[in-house]
Structure formats: structure tokens, C-alpha cells
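Asks: any chance you can model this:
(chains A, B and C)
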Amino acid sequence: MPIDFEKELNPAQLEAVRHDTGPLLVVAGAGSGKTRTIVYRLAWLVEHGVPAEDILLLTFTRKAAQEMLKRAEEILKQPLAGASGGTFHSFAYSVLRRNPVGLGMAGGFSLLDRGDSEDLVGRIKTDLGLGKGERSFPKKSTLTDLITKSRNKELAIAQVLEQEAFHLTPFAGDIETLAREYGRFKKEHALLDYDDLLFGLEALLASDQALRRVLRARHGYLMVDEYQDTNLVQARIVRLLAGEAGNVMAVGDDAQSIYAFRGANVANIMNFPKIFKDARVITLERNYRSTQPILDVTNAILSGARDKFEKRLYTKRSGGEKPRLVTPLSDQSQARLALERIIELARRYPLHEIAVLFRAGYQSYPLEVALTRLGLSYRKYGGARFHEAAHVKDVLAYLRLARNPSDLVAWQRVCAHVKGVGPKTTGRIVRAVLNPDQDYLAKARKKHPDLTELLAELDLLRRTNPSPARAVERINAFYAPKMAERYPDDHPKRQAGLDQLAQIAAAYSDLETFLADLCLDPDTQAEPHRSDCLVLSTVHSAKGLEWKAVLVIDLVEERFPSKKAMSRDEDLEEERRLLYVACTRAKESLSLFSPATVFSRFSGFSETVAPCPFLLDLPPGSVERWQESYAGGVSPAGGAADRDRDPDQGSRPGPVDPARLGYCRHKIFGQGKIVAKVPPNKFRVNFPGFGLKVIVGDYLEML
DNA sequence: GGAGAGGGCGTTTTT
DNA sequence: CGCCCTCTCC
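Replies: Now for the predicted structure:
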């Protein structure tokens, strides 16, 4: 039975899905059925005779690509064998791995994740003697940040400093030297960081005409999701892959651009029609996800934006509860109130339809403690990653050396566990290993007995070439005593992590893919998939997802927006879009938490904080305001305090149970929610867009 | 050149 | 608190 595209899609979606060939840009507002459009487009192509293997779908996470391909298979009721999907980085990796010669790394290469890059930058910084005795010289994480920013934005270090860290401009020369040395070092030791994958692919495509032809023929139908978050080199890669024919469909939403910090350039989506001549542009504005009260709030957040966006989402999902804005007394009580709200919501929704979102990974800790105490299971996305834990990285370093003997970053890690050997000696050992100098090695082995054991272990690994699972097991056994010594307090817990690593490895047949996946796929996580549990996530990791109920916590200055974004206008605007992304994840219920005080670990005290500035843009009636009183309960703002001061409740609007009073309609203000009864005959009503009004009951139609 | 002790200091987001 | 840099002693 053929798919009834007309029935399943609205006219704009249908137009995008039925698009023939040539460039197409779909500007898709939040919740406008973007994923659906891509999925049906995949199905349409296959149903109209396009071989699945001609399709390449580039998305922001690998999970997103897999999900879309899977859904297309479901509606097609046939496997989409051969279609490729993944991130720019994973695609780049797979091309480069098959063409290492063009890269100048014929012997293979290792990937550096963020932590590896930082380690290397730190190493070079020390070796060059930069910042010695200079207190204000940036540390390795800042340096790595600046270097990758300069590459992603394609600006000189000095320019990046001028724009984002003016106080560091005196060090521009030193940082440039460092960046150059970092680049040289990676080349010499066959190491690629995230940026190298993209630039390497671009260089390869640009220089190798034959390869370009092969790839264009292989991936005749190119689709790129989240186009607003591509950077300059990614846009050029798209152009190189799409070629003259420009058979590419780009999908994105300028209002959801939240990766400028990593070089994403909104101009890419704006310029798409210029780069690809005669591109068709289709805009999806009808929202299918959220109820109108939620959209009222998200539109309000966006309406305060410095650069106004022309889209305005609308929905036919009328009704629904008004979003709540809760003001807990502190971040500690925020955890408690959020938990109470979650429990309340859990009566209406399955747990996996509820998500708590936040700006940074650490912000969920108090809530995690509370959840654990209650025995409520949750899954956390974003923040510290499993494979970034030191002990996991240690084990992976041994494996990396089995593939790439010149991987000095890995050598540094493994040698750190050889007693008496530090950075300098490691360097000498590695040189002796690569340009065999058995005399030196013999001397070193005599001096450091652990070294013999290490080299033997690595040799064994190289010689026997075991399966990833077997290799992890072997290394675990080798590493376990070192770990116990280094982490006396919690090594059992770490051991459990390594056992999980072995589990993950079991799914792979070759070591190289296993290592690359850990680096390239944030979802290669250890946690067994639990089906019904609450979701905790950073807003960035929540991109593209949706839940029935969403809670956003820590909506206060210096947390959301983050402290670092408070000083620059551009950064602040990105935080606004970030809040927009957070709120547009909600389908039916949205709760915003803005604690009055937060605990500062630095001072050891709770400090008063200002609410997130974007909340000030909300029209008074668009949210239901709840405040925690000193007595501990929450009640509609104003209510509890008034009552406590004035025992004579009859003459003023007391706190009421909003559910009991319900909704009403007014001729001019439209539908509103009754917040309080004002005796003798008036009501206090929240009208979306108009705010709080006191109206005589005769003028209201009760709903 | 390495290991371990002591003081200063600052919390983003991700491939 | 935890990282990172510096200082001291082996």
C-alpha cells in the first residue's frame, strides 16, 4: 500500500517532500514537523526509485540520523539498506580513514577528543615555557578553546582575542606560536582533533578530483539537518559534496542557532539561496508540538530578541495549562519543588515524557541527589561524559597505542603510571621506540622496572590483535592495580565503569571503529537503556527532542544565562535562543524555576540572585506565577504573603485553587484563566497577552 | 627530572 | 571542592 503523502503532511511539508532535485532550503520553526518532513522526504525518494545508498543524511548527532532512517523504514515498510547518515565529523572520519594517504597519514591516525587536545596543548605550553611565572597567562582549557575557536570561525587568534577576551590580547603572539606548534605536533604524530576532521575532509575534497567525483556519485542526494548550526568549513563541505547540480536539501531554523560558541554561523542558512542559485525556500510555521499558552511564552521570549526573527509560530492546539513560573526561596528548595512537580506530572504522563532542562551539567546535581534518595530513575544527557573519566581514558590510551605507535598523547597517559617516569622521560622513551634505540630503552628499563612490563603488554596487544572486548579485558586486568593505587577511595566504582566499557566494546569487531565511536558519538554510553525514566538534560543536548512536560531550572543571572555570556550582547542573544529552544521542547506542560537565592560554593553562602532577564519580557498574564513562602509551601504569587500579614481574608483576593476556578472568556481580552475571586462580584483573571485584570463577573463567560 | 605538598582561584554549552 | 600552578626535596 503506497504512502498517502497528502494525508500525512501539510501543504508546505508536502512541497518540501515532493521537491524534485536541486537545492532546497527548508526553514522550519520549532515543532513544525521538521523531522517528519525529512523522514517523509526519505520515503518519497525511495518510493520514487532513488536507491537508498544514494542518500546521505548529515545531522547533528548520530542518534538523530539513525532515528530518522529508522522512521523512514517504518513508514516504507522496507529496509533502507545502504543509506548513510551521521554527523559531519563521523562522515569526515569515515572518508579520511579510507583515504589516509591524501591526508599525509598513510599509517593511520588517532583521534583526539577535547580532553586529549587540552592535554597536548598543556604539554606544549610547558615545553615552550609559555606563561611561566605569568599569573594571568590563560590555562590549557582556555587556550584550547581559543585555538579551536580561531579555527572554527576562521579568524586569527588576535581577532578572536579582540572579540571575546580582550584582556588576553597581550598574549596574542604567544598563543599564536602555541597554536602553530600544536598543529605541527599533531601532524607529526598522526593525530587529528575534531577540527582537523572537517578541514581534512575539505582539503581532500578540494584537491582530489577523482575522490570528489566518486563521493558525488555515491551520495547524489544530500540532506543536511540543523543547518543553522553549521560553521564555515561545513558549509564549504556541503558545497563540495553537492557539486554543480547542488542537489542538497538543507533544513534549519535561525531562531534555534545555539552553537555560535563553536563557530556555527547563522549566515550559512541566510546565504544558502545565494550560494546555491535558484534554491527553493520553504518555510514551515505551523507548530504541531505545543499548546497555545506555551507558544505564547516562547514567542514572547523571542520577541525581545535584538535581531527579530520574522517567523511567528502558531498552532491549532488551543487550550492547555498556562506555563508556570515558580520562584523557590533557594536552589536547594528548587530541587524539592521540582521533584514535587515531577511527582505531580508523573500522575498524568509516563516518566520518560517528563524532562528537566538546565544550562550546564552541574546544575542538576541537587536534583539528582533528591531523585536518588527517592529511588526515582533518571537518564542524564550532556555534562560530563563517560569516556572522559580519567580511568576510562587511561584504558583507551593503551588501546590507541596498539593502533598508532606515534600517538604521543596516549604515551603520556600510559607512562604516567610508570613510577619515576614523567613527561620528559616519556618523550625520550617514545623517541627511542619510534627510531629504535635499544640501548636507551635497555637503560631506561633497568632504571624503571615498570616500563618493561608496560612495553611487553603493548607488544602483546599489537601482536595478537585481539577483539575490542578482549583487548579491553586484558588492559583492564593490567590497569586494575594501578587504578586501585591511584584512586584509593572510589576504585570499585571506577572498576564498574571499566566493566561497562568492556560491554560497549563487545559490540565492535574492530578496535579502530570502537575508539573512533567513543570519540565521535556522545551516545556511546555505558548506561543500560532504561525505558521509563525521567530525563535530565542540558538544553544543548535536548535539541531536536520533545516531551509532554518540561521543567527548566536555575533560571537566574549567571547560571542561565551563564556568567560568561552576560557581558557580550551577542552571547546574551544566544542565551535567549537557548531558552527559546528549552521552552519549545514542551508539548503540554512547561514549568520554569527561578530561585531567589543560590548557594555559592566559593563563598560558602547562599546569595541573592536576579532572575533570568528574558523572563522579564514575559507578558504578565502569560505565565502563572508561583512563589515559595518562608513557611515552605508554594502558592500563586502575592497570595500567601498577603494572607500571612492580614488574617482578614474576606476583603482581599486570597489564594485560591486555580483548578477550581477554571477558565473564562472576555469579549475583548479573549480566553483567560481565573486566578482569584475578588468579592463581592469580581474576578482576577490572567489573559494571555494582556496580563492580570480584575473584571466584574457579569462581563465574563465561564468556561 | 619527578613526586608530593601547599596556595590560589574559578564553574558553559559539544563534535 | 577540585584543578592547576609553584615550590621544595629527592
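
Asks: when you work out contacts or count neighbours from here on, use the C-alpha atoms and nothing else.
Replies: Noted.

Asks: contact residues of the stretch 201-350 of chain A facing DNA strand B?
Replies: Neighbours of DNA strand B within the stretch 201-350 of chain A, by C-alpha under 7 Å from any atom of the strand: A:259, A:261, A:262.

Asks: can you check the stretch 1-150 of chain A too?
Replies: Counting by C-alpha under 7 Å from any atom of the strand, the stretch 1-150 of chain A sits next to DNA strand B at A:60, A:61, A:87, A:88, A:89, A:90, A:113, A:114.

Asks: let's go with 10 Å and repeat that
Replies: Residues of the stretch 1-150 of chain A lying close to DNA strand B by C-alpha under 10 Å from any atom of the strand are A:59-63, A:86-93, A:112-115, A:117, A:127, A:135-136, A:138-139, A:141-142, A:144-145, A:148-149.

Asks: now, of these, which are buried?
Replies: Taking 16 or more other C-alpha atoms under 10 Å as the criterion, what is buried in these is A:59-63, A:86-93, A:112-114, A:117, A:138, A:141, A:144-145, A:148-149.

Asks: so which of these sit within helices?
Replies: Mapping these onto helices (DSSP state H) picks out A:62-63, A:88-93, A:114, A:117, A:141, A:144-145, A:148-149.

Asks: phi, psi for whichever residue of chain A sits closest to DNA strand B please.
Replies: In chain A, the residue that lies nearest DNA strand B is residue A:422 (2.9 Å; C-alpha to the nearest atom of the strand). Torsion angles at residue A:422 (phi, psi; degrees, to the nearest 10) stand at phi -120, psi -160.

Asks: that one is in contact with residue A:413, isn't it?
Replies: No - with contact defined as C-alpha atoms under 8 Å, residue A:422 does not count as touching residue A:413 (9.9 Å).

Asks: low pLDDT regions in the stretch 401-550 of chain A?
Replies: Where the stretch 401-550 of chain A drops to pLDDT under 70, the residues are A:522-530.

Asks: strands of that one, start to end?
Replies: A:534-538, A:547-552 (DSSP state E, counting those that start in this stretch).

Asks: can the longest one be found next to DNA strand B?
Replies: No - applying C-alpha under 10 Å from any atom of the strand, one finds strand A:547-552 out of contact with DNA strand B, separated by at least 14.1 Å.

Asks: which element follows that strand toward the C-terminus?
Replies: Sequence order places helix A:569-583 as the next helix or strand after strand A:547-552, per DSSP states H and E.

Asks: tilt between whichever helix or strand comes after that following helix and helix A:569-583?
Replies: Per DSSP H and E, the first helix or strand lying C-terminal to helix A:569-583 is strand A:586-593. Interaxial angle of strand A:586-593 relative to helix A:569-583 (axes from the mean of the first three to the mean of the last three C-alpha atoms, to 10 degrees): 120 degrees.

Asks: just give the strands next to strand A:586-593 in its sheet, each with its orientation.
Replies: Using DSSP bridges, the strands paired with strand A:586-593 are strand A:324-327 (parallel), strand A:547-552 (parallel).

Asks: pLDDT of the very next helix or strand once past the first one, averaged?
Replies: The element immediately downstream of strand A:324-327 (helix or strand, assigned by DSSP H and E) is helix A:331-346. Mean pLDDT, helix A:331-346: 93.

Asks: then the helix or strand that comes right after helix A:331-346 to PDB, C-alphas only?
Replies: Proceeding N to C from helix A:331-346, the next assigned helix or strand is strand A:354-358, under DSSP H and E. Provided in PDB are the C-alpha atoms of strand A:354-358 (Å, rounded to 0.1, in the frame of the first residue of the first chain):
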ATOM      1  CA  ILE A 354       9.000  14.400  31.500                       C
ATOM      2  CA  ALA A 355      12.300  16.300  31.200                       C
ATOM      3  CA  VAL A 356      14.200  18.700  33.400                       C
ATOM      4  CA  LEU A 357      16.500  21.000  31.400                       C
ATOM      5  CA  PHE A 358      19.300  23.200  32.500                       C
END
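
Asks: output the contacting helices and strands for strand A:354-358.
Replies: Packing partners of strand A:354-358 (3 or more C-alpha pairs under 8 Å, 6 or more residues apart in numbering; DSSP states H and E): helix A:331-346, strand A:534-538, helix A:539-542, strand A:547-552.

Asks: what packs against the second one?
Replies: For strand A:534-538, the packing partners by 3+ C-alpha pairs under 8 Å, 6+ apart come out as strand A:354-358, strand A:378-381.

Asks: what sits closest to residue A:240 if chain neighbours are left out?
Replies: Distances taken as C-alpha to C-alpha, 6 or more residues apart in numbering put residue A:205 closest to residue A:240, at 6.8 Å, once the chain neighbours are dropped.

Asks: with residue A:405 instead?
Replies: residue A:434 (7.5 Å).

Asks: my read is that that neighbour contacts residue A:406, right?
Replies: Yes - using C-alpha under 8 Å as the test, residue A:434 is close enough to residue A:406 to be in contact (7.1 Å).

Asks: more neighbours, these two?
Replies: Each of residue A:434 and residue A:406 has its neighbours counted (other C-alpha atoms under 10 Å); residue A:406 has more, 21 against 10.

Asks: count the residues that sit near the closest residue to the more buried one other than its chain neighbours.
Replies: The shortest distance from residue A:406 to any non-neighbouring residue, by C-alpha to C-alpha, 6+ apart, is to residue A:189 (5.2 Å). Neighbourhood size, residue A:189 [other C-alpha under 10 Å]: 17.

Asks: tell me how far residue A:189 lies from residue A:451.
Replies: Residue A:189 sits at a distance of 21 Å from residue A:451 (criterion: C-alpha to C-alpha, to the nearest Å).

Asks: try residue A:395
Replies: In this view, residue A:395 and residue A:451 are 16 Å apart by C-alpha to C-alpha.
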